[in-house]
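Student: only geometry, no sequence info:
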């Protein structure tokens, strides 16, 4: 029987984008910005979308507000992406949701069909499935769908940890779904990466 989860969309966008030289959340993407495109992609499949920002919160807030999203601020973004994840998933729980579709702002948003398939796979997964992760060309990517058990595991891990280690620790509780969506694994760290993906 399918589980009845309530979903939040969660976008991690607190990085300083030092190698890019500008905030990746604000990079142009198909007539808008990466951040706006991510919010639009997730809000079709979730109850609301939450964006975790850092020192860039003032520049991201107008985009989040314009799309009726919510902003959370990581007070210590220098601790790394995992600390932003912990801020975000705690806020997901605080807002009464027990599952999150988690995306990274430093890559293009996944296709709508990909997000739909990941959510459906999580809803229909057998008991004991804590998360669903997309797989493309032999690599694992984002967005991931995390249920309450995986969210709890993230929160119980030291802020110096990382999501991949938690995933591997509880791998028996993770379902990997093959998708035909190159954006799920398209990291963009430098201007050259961005140029390649926008060609």
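Tutor: Okay, I see it. What you are looking at is a predicted structure, and each value in this text was computed from that prediction instead of being measured.
Student: ok, how many other residues are close to residue 157?
Tutor: 17 (other C-beta atoms under 10 Å). For every residue, glycine as well, the C-beta is placed using N, CA and C.
Student: hmm, I was thinking of residue 162
Tutor: Residue 162 has 15 neighbours, counted by other C-beta under 10 Å.
Student: Do a quick rundown of the strands in the chain.
Tutor: If DSSP state E is used as the criterion, the strands of the chain fall at 7-12, 28-29, 32-33, 48-53, 70-73, 99-104, 131-136, 139-140, 144-147, 174-178.
Student: and the least confident helix or strand in the chain by mean pLDDT, how far out from the chain's middle?
Tutor: None of the helices or strands of the chain scores lower by mean pLDDT, DSSP states H and E than helix 191-198, at a mean of 86. Remark: helix 191-198 is offset 21 Å from the chain centroid, using C-alpha atoms, centre = their mean, to the nearest Å.
Student: what sits up against that helix?
Tutor: Helix 191-198 is contacted from outside by 20, 21, 27, 29, 108, 186, 187, 188, using C-beta atoms under 8 Å, 6 or more residues apart in numbering.
Student: quick one, what contacts the last one?
Tutor: Under the criterion of C-beta under 8 Å, 6+ apart, the contact partners of residue 188 comprise 20, 24, 27, 106, 107, 108, 194, 197.
Student: could I get those as JSON lines with neighbour count?
Tutor: Compiled in JSON lines, the contacts of residue 188 are given as follows (neighbours: other C-beta atoms under 10 Å):
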{"residue": "20", "neighbour count": "17"}
{"residue": "24", "neighbour count": "25"}
{"residue": "27", "neighbour count": "21"}
{"residue": "106", "neighbour count": "24"}
{"residue": "107", "neighbour count": "22"}
{"residue": "108", "neighbour count": "22"}
{"residue": "194", "neighbour count": "20"}
{"residue": "197", "neighbour count": "16"}
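Student: Farthest pair within those?
Tutor: Using C-beta to C-beta, these span at most 14.0 Å, a distance reached by 20 and 108.
Student: The longest helix along the chain packs against which elements?
Tutor: Secondary structure assigned by DSSP state H gives helix 81-94 as the longest helix of the chain. When contacts are defined as 3 or more C-beta pairs under 8 Å, 6 or more residues apart in numbering; DSSP states H and E, helix 81-94 packs onto strand 7-12, strand 48-53, strand 70-73, strand 99-104, helix 148-156, helix 163-169.
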